[in-house]
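> Predicted model and sequence below, questions to follow.
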Amino acid sequence: MEKDQQISGVKIKQVSLLAIILVLAGLICFNLALFIPSVLGAITIYVVCRKYNFYLQEERKWKPWASSLVLMLASLIILILPVYFIVDLLIEKLGNAQAYMDKFNVFLEKIHTFIYSKVGFDILSKENMDKLKNGVGKFSTTALSSTFNTLTVIMSTYFILYFMLESPRFFERILASSAPLKRANVALIGEKMRKLIMANAIGIPVVALGQGLVALIGYFIFGAPSPILLFALTAAASMIPVVGAAIVFVPICIFMIAEGNMGGGLGLGAYCLVIVGLTDNLLRFTLLKKLEDIHPLNTVFGIIMGMNLFGFMGLVFGPILISLTILLVQVYRNEFSDNDTPELKIPGKDDEIENKIDLIV
């Protein structure tokens, strides 16, 4: 073999070292998979509290341990407890799985009978109803069982978060120096991740709670059954793009009409379509647009993947992981592709990020 056709010894060492790193990283992730939600949760809360942490430590000259504890307590009260309240409410209401499924089956049968009597067409066939019942049963069991370790995840999250908040400059320096990327791409990832985390950790829960509370008022006004449970279900369903809270209030309205409460069912339907829909649009086009405009497909597939991996916490982490994967593909192209390859840009947002990168570089 000619000399110019031989594989460089440097490349062999580089590939060998990368293989060793990947194997060790895989072993670590496999054996510590239980703590992956805790690490993601700690990073999420760190990004939310980052600005205030630097303010307290570097401008107000607080002790690192004092600022860390104060921010941990504040994040627990503002971010964690409202979500935990909804999850705990669902567990309490749906904790008796058999009783819940019996009620759900009666609920579904009444809706099916009413639609068939009015339309004369068997939209919900017996086979489809059986599949729906089985699917809901499996999903509810999986979702509920995945939340029983929530307390453990929260405790380990805050254990990791304390060390991140106590030495923030050291933590960020390690991340920046460990990334085998150009400084511009490191800045791009940091800025994008900050916006994604803020949108998912703050924007989506705020929209969910806002829709849930507005819908709760309508449930009480029009006499919907189990309004507190419906509030929790509406808040959770509102995180799903396109259909959102309609998954909950449309069947409830049909059920109320089937029960003979024509006025209440029609009134609740009109209230939810107008008031709850207006609340959703108002919050999404004001709050979420300012944070980050996340594509609905990212949210849908992120929620599905996140729920399978992390339970209810996947509602926040799933979309972040999907968006991060797409971002890393873009960074890979910037790092290793030809300069002639055209870049995909989002008008306005990418220009703003590029200006910040120019200042950093």
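Noted; the coordinates are in hand.
> doesn't residue 266 make contact with residue 254?
No: using Cβ atoms under 8 Å, residue 254 is not in contact with residue 266, being 10.6 Å away. Heads up, the C-betas are built off the backbone N, CA and C, glycines and all.
> can I get the CA coordinates of stretch 240-250 in PDB?
Extracted in PDB, the C-alpha atoms of stretch 240-250 (Å, rounded to 0.1, in the frame of the first residue of the first chain):
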ATOM      1  CA  ILE A 240     -51.000  18.800  23.300                       C
ATOM      2  CA  PRO A 241     -50.900  21.000  20.200                       C
ATOM      3  CA  VAL A 242     -53.800  21.400  17.700                       C
ATOM      4  CA  VAL A 243     -56.400  19.500  19.600                       C
ATOM      5  CA  GLY A 244     -55.400  20.500  23.200                       C
ATOM      6  CA  ALA A 245     -58.200  20.900  25.800                       C
ATOM      7  CA  ALA A 246     -60.900  19.900  23.300                       C
ATOM      8  CA  ILE A 247     -60.000  16.300  24.000                       C
ATOM      9  CA  VAL A 248     -61.500  16.800  27.400                       C
ATOM     10  CA  PHE A 249     -64.400  19.300  27.100                       C
ATOM     11  CA  VAL A 250     -65.900  18.000  23.800                       C
END
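> If we go by neighbour counts, what in that stretch is buried?
Neighbour counts over stretch 240-250 (16 or more other Cβ atoms under 10 Å) mark 240, 241, 244, 245, 246, 248, 249, 250 as buried.
> Residue 187: which of these is nearest?
Nearest to residue 187 among the buried residues of stretch 240-250 is residue 241, at 29.2 Å by Cβ to Cβ.
> still on that earlier bit, between residue 254 and residue 266, who's got more neighbours?
More crowded of residue 254 and residue 266, by other Cβ atoms under 10 Å: residue 254, with 19 against 14.
> which of the buried residues of stretch 240-250 has the weakest pLDDT?
When those are compared by pLDDT, residue 241 scores lowest at 66.
> where do the helices sit along the stretch 251-361 of the chain?
262-271, 277-283, 289-291, 296-310, 314-336, 349-360 (DSSP state H, counting those that start in this stretch).
> and the first one, what does it pack onto?
Just to be clear, that refers to helix 262-271. Counting contacts by 3 or more Cβ pairs under 8 Å, 6 or more residues apart in numbering; DSSP states H and E, helix 262-271 is packed against helix 204-221, helix 246-258.
> Quick one: mean pLDDT for that helix?
90.
> Residues contacting it from elsewhere in the structure, which ones?
If you take Cβ atoms under 8 Å, 6 or more residues apart in numbering as the criterion, helix 262-271 is touched by 218-219, 221-224, 249-250, 252-257.
> Could you count how many residues lie near the residue lying closest to residue 307 once chain neighbours are set aside?
Among residues not flanking residue 307 along the chain, residue 314 sits closest, at 4.5 Å (Cβ to Cβ, 6 or more residues apart in numbering). Close neighbours of residue 314, defined as other Cβ under 10 Å, add up to 23.
> Residue 301 against residue 322, yeah?
Yes: if you go by Cβ under 8 Å, residue 301 and residue 322 touch, sitting 5.7 Å apart.
> if we can go back for a sec, from the contacts of helix 262-271, which single one is nearest residue 63?
Using Cβ to Cβ, residue 219 is the member of those that lies nearest residue 63, at 47.4 Å.
> mind listing what the closest one touches?
For residue 219, the contact set (Cβ under 8 Å, 6+ apart) comprises 227, 230, 231, 252, 268.
> quick one: the third one from residue 44, how far?
According to Cβ to Cβ, to the nearest Å, residue 231 and residue 44 sit 25 Å apart.
> before we move on, what about the fourth one?
Applying Cβ to Cβ, one obtains 33 Å for the distance of residue 252 from residue 44.
> same thing with residue 335?
Where residue 44 is concerned, residue 335 sits at a distance of 26 Å (Cβ to Cβ).
> More neighbours: which of the two?
The neighbour count for residue 335 versus residue 44, taken as other Cβ under 10 Å, is higher for residue 44 (25 against 12).
> State the helix or strand in which that one lies.
Here residue 44 sits within helix 36-54, counting by DSSP states H and E.
> Output that helix as PDB, nothing but the C-alphas.
Only the C-alpha atoms of helix 36-54 are listed here, as PDB (Å, rounded to 0.1, in the frame of the first residue of the first chain):
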ATOM      1  CA  ILE A  36     -31.400  11.100  33.700                       C
ATOM      2  CA  PRO A  37     -34.700  12.900  34.500                       C
ATOM      3  CA  SER A  38     -33.000  14.400  37.600                       C
ATOM      4  CA  VAL A  39     -30.100  15.700  35.500                       C
ATOM      5  CA  LEU A  40     -32.500  17.100  32.900                       C
ATOM      6  CA  GLY A  41     -34.600  18.700  35.600                       C
ATOM      7  CA  ALA A  42     -31.500  20.200  37.300                       C
ATOM      8  CA  ILE A  43     -30.400  21.700  34.000                       C
ATOM      9  CA  THR A  44     -33.900  23.100  33.300                       C
ATOM     10  CA  ILE A  45     -34.200  24.800  36.700                       C
ATOM     11  CA  TYR A  46     -30.600  26.000  36.500                       C
ATOM     12  CA  VAL A  47     -31.300  27.800  33.100                       C
ATOM     13  CA  VAL A  48     -34.400  29.400  34.600                       C
ATOM     14  CA  CYS A  49     -32.600  30.600  37.700                       C
ATOM     15  CA  ARG A  50     -29.300  31.400  36.100                       C
ATOM     16  CA  LYS A  51     -29.700  35.200  35.700                       C
ATOM     17  CA  TYR A  52     -30.900  35.600  39.300                       C
ATOM     18  CA  ASN A  53     -28.100  33.400  40.600                       C
ATOM     19  CA  PHE A  54     -25.400  35.500  39.000                       C
END
